[in-house]
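[1] Next comes the sequence, and after it the predicted model I'd like to discuss.
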Amino acid sequence: MFPSRLDALRDARGFLESFCEQAGVARQPCLKLNLVVEELFLNTVKHGHRGGSDAPVWITLTAQAGAIRMSYEDRAPPFNPFAAATREMLEALAHSRREGGLGVLLAHGLTVDNDYAYLFGRNRIRLTLDA
């Protein structure tokens with residue numbers, strides 16, 4: 001569990017690195033996982049909590065059968081970064097935007113499976129990456 005603050009991203013990265021090392025995940029999949037978590041975390045801090053909050057972010061990881069499975073939860077307002085409408089909007093704006101949004105598209109492309117739900121006041125994103 002990490003607070004929704006930019007300075008907590010360093011600790012989240014350390015958690016991911018430790019997980020990858022202990023689970024025997026190769027460097028390339030670990031870098032992809034890091035990128036996906038960074039994009040989700042930055043969206044939570046910048047957009048969900050308008051710059052930061054002590055509200056928790058929960059990250060749960062498992063590695064098995066050539067895949068990394070992750071659950072990412074936060075208490076920000078509901079937002080599904082993997083919704084078709086979100087993707088279409090970001091793709092349409094990609095050429096005119098200076099910053100933001102493109103990381104969500106990139107993160108979407110790195111996952112082999114994902115789902116989203118807003119349950120009990122939490123955004124819950126579950127996704128799978130190839131390991």
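    Arrived safely.
[2] CA only for contacts and neighbour counts going forward, please
    Will do.
[3] Off-centre distance for the longest helix seen in the chain?
    Ordering each helix of the chain by length in residues (DSSP state H) puts helix 27-43 first. How far helix 27-43 lies from its chain's middle: 7 Å, per C-alpha atoms, centre = their mean, to the nearest Å.
[4] What residues of that helix count as buried?
    By neighbour count with 16 or more other C-alpha atoms under 10 Å, helix 27-43 contains the buried residues 29-30, 32-43.
[5] closest to His108 among these?
    Val36 (8.1 Å; C-alpha to C-alpha).
[6] low-scoring stretches of the chain, by residue?
    85-103 (pLDDT under 70).
[7] how about a cut-off of 80?
    82-108 (pLDDT under 80).
[8] now the strands: where do they sit in it?
    Taking DSSP state E as the criterion, the chain carries its strands at 2-3, 56-64, 67-74, 113-119, 122-130.
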